[in-house]
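K.L.:
structure, please.
(one chain, ligands or ions: 1)
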Amino acid sequence: MPTVDTALSLQLYPLCGQDNAIVVVIDVLRATSAICTAFENGAKEMIPVANVEEALEYQKKGFLVGAERNGEKLEGFDFGNSPYDYMDPKIKDQTLVLTTTNGTQAIEIAKDNYMVVIGAFTNITALSDWLIKQDKNIILLCAGWKGRVNLEDSLFAGAVVERLFQSGKYETFTDASLAAHQLFLSAEGEPGHFLRNSSHRRRLSKLNLKEDIKYCLQLDKSVQIPVLQDGVLVRLQVEEKLGA
Ligand code: MLT
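P.N.:
The predicted structure is shown next:
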């Protein structure tokens, strides 16, 4: 039976050595929430890039580009990193490009070794149900903030651990997974209250982005599971979702 490991920060990721694992990239405030929202609203593909220079190159080629640093939209780009940016009808059937402070960095470090999927509260049920059907080792990769652990990503990892644990399909949950799970249990179903003092919630609140926080903490606004294929995020096709 497979194992569930958790990297609570990017620095801890290299210690997660699971054979043939699926990596769930987590950045709930807000990159992975924004990505799920984009696919739920008809985006065709999303190209995650780690740096602004690469994003600029794509923009020169005519792509719609989202760019965020330190929680703020970068001037001159089409979108920032708010999920609300990705409800715009102009994204339908488009290939978007995205670079963010942490979320796209997490994708960058995981992309060459494992299958990478995107997780957020907004697609937690679709994601968890699909993971359980895969019968594979899982690495929950928390993007955190600039290399540091953050509460919201760890909380979400714990919420996924709860669902995987309830399935009875996993033999081992590492201590980091158990720690994330304890965070989830102590939140007692009130993530907003639990995160009231978290650093990124405070940062986003100062930027008048409280609506983003509320949206990103809601469950199941999306049934899409974005998966990385050849460096490009696409939506998992239905047959794949069924675990076929
Ligand atoms: C990130 O990707 O670093 C975070 O989502 C930052 C943000 O957009 O608030």
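
K.L.:
and Val23, which of the three is it?
P.N.:
Classification of Val23 by DSSP: H, G, I helix; E, B strand; the rest coil places it in strand.

K.L.:
looking at the chain, which helix or strand does the model trust least?
P.N.:
Of all the helices and strands that make up the chain, helix 238-241 has the lowest average by mean pLDDT, DSSP states H and E, namely a mean of 66.

K.L.:
low-confidence ranges in the protein?
P.N.:
Under the criterion pLDDT under 70, the flagged ranges of the chain are 238-244.

K.L.:
tell me the residues of it that contact the ligand?
P.N.:
Counting by CB under 6 Å from any ligand atom, the chain comes close to the ligand at 27, 29-31, 68, 71, 81, 100-103, 204. Every C-beta, even on glycine, is put in place using the N, C-alpha and C of the backbone.

K.L.:
filter these down to the ones in strands?
P.N.:
Using DSSP state E, the members of those that fall within strands are Glu68.

K.L.:
helices - which of the residues of the chain next to the ligand land there?
P.N.:
Of those, the ones assigned to helices by DSSP state H are 31, 103, 204.

K.L.:
buried ones only from the residues you listed, please, as a PyMOL command.
P.N.:
Buried subset of these, written as a PyMOL selection, criterion 16 or more other CB atoms under 10 Å:
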select buried, resi 31+103+204
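
K.L.:
would you map the helices across the protein?
P.N.:
Listed in chain order, the helices of the chain (DSSP H) span 31-40, 52-60, 103-110, 124-134, 151-167, 175-187, 191-194, 199-206, 210-216, 238-241.

K.L.:
deepest-packed of those helices, please.
P.N.:
Ranked by mean neighbour count under mean count of other CB atoms under 10 Å, those are led by helix 31-40, which reaches a mean of 29.
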